[in-house]
Every structure is written in structure tokens, then in C-alpha cells.
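Asks: Show me the folded form of this:
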Amino acid sequence: MSTAGGDAAFSRWWRLIAAALCAVGAIARLAAYAQHRSLWYDEAALALNIVQRGFVALLQPLDFLQTAPPLFLWAERLAILPSGASEWSLRAVPLAAGILTPPLMWHVARRALPPLAAIAAVALVALSPTLVHYAAEAKPYAVDAFVTLVVVDRAVSVAEPSAGRAHWWMLAIVGVLAIVSSTPAIFVLAGAVACLGLRAALGRDSRFARRTAAVGLVWAAAFAALLATVFRPLLDDDSRVGRFMHWYWATNFLTPDPPGLATKVSSILWATLTGTFVGEPAFPNATTVLLGIAAAGVLALVAARRFAFGVLLVSPFILAASASALRLYPLAERLVLFAAPLTALLLASSLMFASWPHAWRWPAWLGAAAVAAGIIVSSRGVLARLASDEGRQESRALVSEAMRERGEGLPVWVSGGGEPAWRFYSGLDDSRPSVGPDVVAAPSDATITSDVIVGSWYNSIPERIVRVVDDTAAWSKPSPWSAKESARIARLARPCALVFLAAPQPGESAALLTGVGALGGTVRDARRAVGAELYRVCFDPR
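Replies: Modelled structure (predicted):
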């Protein structure tokens with residue numbers, strides 16, 4: 001895999017521009033980190049596993065139906081050891097991965113693309129609204145993107161003429177570490193094998209082919225071992241986590257099931273292109289424009305006879321889509337974030353036309369203007385994402401208030417969606433978690449302590465590949481759920497009780513309070529934050 005001109009083409013100015021973009025990307029990620037948002041449901045649920053388990057226990061099925069690659073869990077466990085579990089320590093690993101992603105992109109792109117295209121690739125990942133957001137979240141998605149780039153970097157290295165045996169050993173080791181660090185890394189590794197295999201075939205290099213096959217076998221063995229042990233419950237439809245995952249992500253598989261294959265493809269393209277690199281609000285026809293640019297990037301690689309590099313970038317998408325069609329891997333914004341560096345390289349490859357010495361060459365100023373416009377659009381998306389309340393569940397302060405009032409004798413009812421946040425922020429986590437949002441399992445009358453009880457889940461909704469406006473008015477009417485939970489609150493009250501909800505489903509609080517009112521209860525105090533609510537309800541003593 002030849003470079004696009006060598007280091008001589010990268011002047012001091014190109015390096016300064018790349019460094020500036022990396023610095024801006026780091027500042028954006030630090031700004032998201034400094035917002036110090038409360039942990040949302042999945043973060044808090046995963047954090048409880050990390051806090052309560054040792055390294056070996058983290059290899060077993062996790063509570064709250066959570067899943068994560070083992071090396072990520074171990075890194076998170078190590079991060080909380082020095083100063084304890086907090087939002088700061090739990091988000092440190094994704095933050096580090098997010099900050100390192102743009103410099104690593106420069107290291108990759110400067111060897112594979114012309115200078116302007118390499119700058120564009122760095123800008124795309126440095127100023128990606130989605131990558132910035134997930135760099136400040138205690139989940140593995142920012143790490144997924146970083147791992148993808150590490151694999152691409154090693155694949156590019158072994159394809160260079162100067163590569164020796166040490167480079168192959170490093171590639172093999174990096175691949176094994178990628179498998180246990182990032183769930184979707186297997187798609188990128190398979191793409192690396194395809195890339196190197198094609199390079200061996202085109203060069204008729206039998207030794208290169210043997211080394212590629214050996215590395216591929218090592219990775220296949222490592223992946224099979226992971227599936228047979230840590231991730232085995234995910235493949236078992238009879239396990240709780242397996243049933244839940246297939247139910248929760250049911251509409252995110254690329255199948256003809258509702259809302260239809262065309263709608264699903266359109267939504268995934270939006271998430272992969274517009275959502276990742278533009279954000280909201282997007283310019284008109286943004287997805288179509290970006291898809292056209294990516295297609296131009298593929299054509300540029302083909303025209304430049306960079307077939308192996310093109311396979312490295314494109315094949316993970318094909319493999320992920322195939323796995324989704326087989327219901328093995330769902331596609332959603334955060335689950336395709338691993339491919340963001342690949343998409344950035346494809347988009348940037350379209351600028352190769354600006355460096356060609358023939359009739360297809362674009363004017364250099366046009367390519368520079370396109371990069372500048374992209375930087376402006378992405379920066380706007382980053383600022384909008386930083387200012388957005390989407391996905392926030394600010395439960396920390398409400399739990400603190402509730403704990404203070406609990407000390408004054410008020411019992412607490414906690415919603416199913418609020419249980420992880422309550423356990424994490426209150427420190428009351430001695431009892432086993434409730435069944436979680438598993439609609440297959442029968443709801444239980446869970447208790448955290450004698451005066452803190454957990455409600456069953458209310459109208460749990462699978463994550464959808466497209467947003468759907470539901471009729472929540474009917475949900476807010478009295479129902480068997482609201483009748484049961486309001487009766488539990490009435491029995492708990494002395495004569496008052498606190499009602500805490502986080503990650504509330506549409507209509508959940510209205511339905512519950514309607515049920516409380518039907519039993520003669522009244523709301524004496526209501527406190528609300530973004531994505532969390534706290535009520536004091538009282539019943540007339542009888």
C-alpha cells in the first residue's frame with residue numbers, strides 16, 4: 001500500500017493546521033466532559049457493575065442487562081481505583097480515547113492521502129458532534145472509534161514495503177486486544193484481512209498471503225473464544241440478556257420488518273453521515289450530499305488504483321450490514337460510531353481529485369473551500385450538541401434532595417428507569433437489582449431497603465431506528481400498572497412518600513400520579529430536572 005506522496009509533501013503548515021484541529025477537537029471534548037452531566041440510565045447501570053465487581057466478576061453476565069467488552073470494563077475498573085467512582089473517573093477512559101482519535105487520524109491519513117485530504121480527515125473526526133458527545137460518556141462507543149483507527153493504522157503499516165516481522169506481530173497483538181476492547185472491532189479486523197489478502201493477491205506475494213492468513217486465524221480464534229465465554233449469553237435466545245437485546249433492538253436490524261427496509265437504510269445513512277459529521281440542524285439534503293462525497297471518495301481510490309485501501313475502508317460497512325440483516329448486530333447511531341473514522345477517510349478521499357496532474361483534477365482552491373465549509377458546519381453541530389439537553393437525565397441533585405428528606409423519615413418509591421441512578425448516587429446498593437427493563441420477565445416487587453422500593457417498568461419501549469410519535473395520552477390514563485404502583489406507594493406512605501423517576505417513559509409520571517389521586521393522594525411538592533422528577537405525595541391518614 002503505497003503512500004500518497006511521502007512525508008516531503010507535508011510541509012510545516014500542514015502539520016500546524018493538523019495540530020490546531022487536534023487541539024480544537026480536544027477542547028470540544030473537554031468542554032463536554034466539563035459539563036459534568038449526571039449519569040444517564042445505561043451509564044449508571046454499567047457503573048454499578050464496575051463499582052461492585054472485581055475484574056473476574058466483570059467477565060460474567062452483568063446486572064441491569066448491560067453488555068460491554070471485557071477490556072473496556074477492566075479499564076473502567078482501573079480508572080475508579082485511585083479516587084473512587086464518579087462521573088469524572090468513569091468518563092476518563094472514553095475521554096482519553098476521544099482526545100487521541102484526531103492525532104491518530106493524522107498519523108494514518110498523512111501516510112495514505114494527499115495533504116489536503118489528510119487535513120479533511122482530521123477535521124471530520126476532530127469536529128464530529130457525535131464523537132465529541134460520546135467522548136464524555138461512560139460507555140464504549142468513543143473507544144470503538146479509537147480502536148478502529150488503531151487497527152487501520154497497523155494494517156497500513158504492514159502493507160508498507162519496509163514492514164518487517166515485528167510489524168506483523170504488532171498487528172496480530174493489536175487485533176486480539178481490539179477484539180476484547182470493542183465489540184464491532186471484528187468488522188474492522190475482517191476488513192483488514194480482506195485488504196491485506198487483496199494486496200497479497202495483486203502483488204502475487206505468497207509470503208505476504210501466508211502472514212495474512214496466520215494473523216486472520218489468530219483473530220478468528222480469539223473472537224471464537226470470546227463468543228464461547230464472555231459473550232455466550234448474548235447468542236442464547238433463552239438467556240434474559242439475549243432475549244432482551246433481540247427485543248430492544250428489534251427494529252434496528254436491516255430486515256423488511258416495520259418500519260421497512262428503505263426507512264431503516266435511510267435512517268442509518270443519516271446517523272452514519274449527517275448525524276456523525278453535521279449534527280442538528282443539518283443543511284438540506286445533507287445525507288444525499290455526504291453520500292455522494294463518500295461515493296466520490298470510493299471512485300477516487302479506484303481511479304488511483306488504491307484497491308486494497310478502499311477494501312479496508314468499505315468492507316466493514318458491508319460486513320456490519322450483513323450481520324444486521326442476519327439479526328446478529330443492530331444498527332443505531334452509537335452502534336455504528338466505530339465506523340466514523342472509516343467514513344471520514346472515505347469522505348476525505350474525494351479530495352484526491354484535487355491533487356491529480358491530469359484532466360480530472362479539481363482546482364486546489366475548491367478543495368480547500370470545501371474543507372473550510374465542512375469545518376464551519378461541523379463546528380456548528382458541535383456547539384449545538386454541547387448546548388442540547390437530548391439524552392440528559394439530571395438525577396444527581398434530586399437523589400441528594402431525596403436522601404436528605406429520607407433521613408427525616410420519608411420513604412421513597414423509585415421508578416424502574418431511575419433505579420440505577422438512585423443506587424449509584426444514594427450509595428444504597430446492597431440488595432440485588434430488580435429485573436430491569438425486560439418485558440419478558442415478570443415484574444417483581446423489588447426493594448432496595450425497607451423504606452426504598454422499586455417500581456416495575458412502565459411501558460418499556462424498544463429503541464427504534466426512527467423516531468416515532470406515540471399516542472401518550474392513552475398511556476397517562478389509569479391502568480393495571482398505575483393501579484398497582486400507586487397502591488404500593490399508598491402502603492409505603494407515612495402518610496407521605498417521595499416518588500423519584502428518571503428516564504421516564506412518555507406518560508409515566510402522569511399515569512402514576514393519576515393512580516395516586518384515585519386513592520386519595522395529593523402532590524404536595526414537585527421538583528423537576530432534565531430527564532428526572534421528584535414528587536412528595538401525601539395520603540389522608542385513616
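Asks: what's the following helix or strand after the helix or strand harbouring residue 489?
Replies: Element membership for residue 489, per DSSP states H and E: helix 480-492. Next along the chain after helix 480-492, taking DSSP H and E as the criterion, comes strand 496-502.
Asks: tell me which strands and helices that following strand is in contact with?
Replies: helix 396-406, strand 412-414, helix 419-426, helix 508-518, strand 532-539 (3 or more CB pairs under 8 Å, 6 or more residues apart in numbering; DSSP states H and E). All C-beta spots, glycine's among them, are computed from the backbone N, C-alpha and C.
Asks: Specify the angle between the first one and strand 532-539 in degrees.
Replies: In other words, helix 396-406. 30 degrees (axes from the mean of the first three to the mean of the last three CA atoms, to 10 degrees).
Asks: The third one too?
Replies: Orientation note: helix 419-426 sits at an angle of 90 degrees relative to strand 532-539 (the same axes, to 10 degrees).
Asks: quick revisit: show me what the helix holding residue 489 is in contact with.
Replies: 411, 413, 445, 451, 453, 455-456, 458-459, 497, 499, 511-512, 514-516, 518-519, 521, 537, 539 (CB atoms under 8 Å, 6 or more residues apart in numbering).
Asks: Over to stretch 312-321?
Replies: With CB under 8 Å, 6+ apart as the contact definition, stretch 312-321 has outside contacts at 148, 152, 155-156, 184, 187-188, 190-192, 194-195, 254, 298, 301, 329, 331, 336, 338-339, 342, 345-346, 349.
Asks: Now intersect those with the helices, please.
Replies: Judged by DSSP state H, helices contain the following of these: 148, 152, 155-156, 187-188, 190-192, 194-195, 298, 301, 342, 345-346, 349.
Asks: rewinding a little: show me just the buried residues among the contacts of helix 480-492.
Replies: 411, 413, 451, 453, 455-456, 458, 497, 499, 511-512, 514-516, 521, 537, 539 (16 or more other CB atoms under 10 Å).
Asks: can you pull out the strands in the chain?
Replies: Remark: strands assigned in the chain by DSSP state E are 412-414, 446-449, 452-454, 496-502, 521-529, 532-539.
Asks: For residue 379, find the nearest of the ones you listed.
Replies: strand 521-529 (28.8 Å; CB to CB).
Asks: Please enumerate residues in contact with the closest one?
Replies: 394-395, 397-398, 401, 486, 489-490, 493, 496, 513, 516, 533-539.
Asks: Paired strands for that strand, with orientation please.
Replies: Partners of strand 521-529 in the sheet, by DSSP bridges, are strand 532-539 (antiparallel).
Asks: Centre of the chain to the partner strand, how far?
Replies: 33 Å (CA atoms, centre = their mean, to the nearest Å).
Asks: Check which residues of stretch 55-71 are buried.
Replies: Those would be 58, 61-71, for stretch 55-71 by 16+ other CB under 10 Å.
Asks: are any of the ones in helices among the contacts of stretch 312-321 buried, and which?
Replies: 148, 152, 155-156, 187-188, 190-192, 194-195, 301, 342, 345-346, 349.
Asks: returning to what we had before: comparing the strands of the chain by mean pLDDT, which bottoms out?
Replies: Per-stretch averages of pLDDT across those put strand 446-449 at the bottom, with a mean of 86.
Asks: which helices and strands sit right next to that strand?
Replies: helix 419-426, strand 452-454.
Asks: now for the first one, which elements pack on it?
Replies: Helix 419-426 makes packing contacts with helix 41-52, helix 396-406, strand 446-449, strand 452-454, strand 496-502 when contacts are defined by 3+ CB pairs under 8 Å, 6+ apart.
Asks: OK, contacts around residue 310?
Replies: Applying CB under 8 Å, 6+ apart, the residues near residue 310 are 298, 301-302.
Asks: got the contact list for stretch 84-98?
Replies: If you take CB under 8 Å, 6+ apart as the criterion, stretch 84-98 is touched by 29-30, 33, 36-39, 43, 47, 50-51, 72, 75-76, 79-80, 82-83, 131-132, 134-143, 145-146, 424.
Asks: Report the buried residues of it.
Replies: For stretch 84-98, by 16+ other CB under 10 Å, it's 85, 87, 89-98.
Asks: swap in stretch 266-284?
Replies: Result for stretch 266-284 [16+ other CB under 10 Å]: buried residues 267-279, 282.
Asks: tell me the mean pLDDT over stretch 146-162?
Replies: The average pLDDT within stretch 146-162 is 96.
Asks: For that stretch, C-alpha coordinates in CSV please.
Replies: Coordinates of the C-alpha atoms in stretch 146-162 are reproduced here as CSV (Å, rounded to 0.1, in the frame of the first residue of the first chain):
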residue,chain,number,x,y,z
PHE,A,146,-10.4,4.8,18.5
VAL,A,147,-9.8,1.1,18.2
THR,A,148,-10.9,1.2,14.6
LEU,A,149,-8.2,3.7,13.8
VAL,A,150,-5.6,1.7,15.7
VAL,A,151,-6.4,-1.4,13.5
VAL,A,152,-6.4,0.7,10.3
ASP,A,153,-3.0,2.2,11.4
ARG,A,154,-1.5,-1.2,11.9
ALA,A,155,-2.9,-2.5,8.6
VAL,A,156,-1.4,0.4,6.7
SER,A,157,1.9,-0.2,8.5
VAL,A,158,2.3,-3.8,7.5
ALA,A,159,1.3,-3.0,3.9
GLU,A,160,4.3,-0.7,3.5
PRO,A,161,7.3,-2.0,1.7
SER,A,162,9.5,-1.5,4.8
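Asks: which residues does residue 151 contact?
Replies: Residues in contact with residue 151 (CB under 8 Å, 6+ apart) are 174-175, 178, 185, 188-189, 192.
Asks: shaky segments in the stretch 401-542 of the chain?
Replies: Scanning the stretch 401-542 of the chain with the threshold set as pLDDT under 70 gives 429-445, 459-478, 542.
Asks: Can you flag which of the buried residues of stretch 266-284 belong to helices?
Replies: 267-269, 276-277.
Asks: Pull out the buried residues from the contacts of stretch 84-98.
Replies: By 16+ other CB under 10 Å, the contacts of stretch 84-98 give 29, 33, 37-39, 43, 47, 50-51, 72, 75-76, 79-80, 131-132, 134-143, 145-146, 424 as buried.
Asks: mind checking pLDDT for residue 1?
Replies: On pLDDT, residue 1 comes in at 50.
Asks: pLDDT weak spots in the stretch 201-350 of the chain?
Replies: For the stretch 201-350 of the chain, no stretch is flagged by pLDDT under 70.
Asks: so how far is the helix holding residue 489 off the chain centroid?
Replies: When distances are taken as CA atoms, centre = their mean, helix 480-492 is centred 36 Å away from the chain's centroid.
Asks: which of the residues in that helix are buried?
Replies: Result for helix 480-492 [16+ other CB under 10 Å]: buried residues 481-482, 485-486, 488-490, 492.
Asks: Verify the contact between residue 177 and residue 69 for me.
Replies: No - here residue 177 does not reach residue 69: they are 10.2 Å apart, not a contact under CB atoms under 8 Å.
Asks: ok, back up a step: closest to residue 201 out of the helices and strands packed on strand 496-502?
Replies: Of the helices and strands packed on strand 496-502, nearest to residue 201 by CB to CB is helix 419-426, at 50.3 Å.
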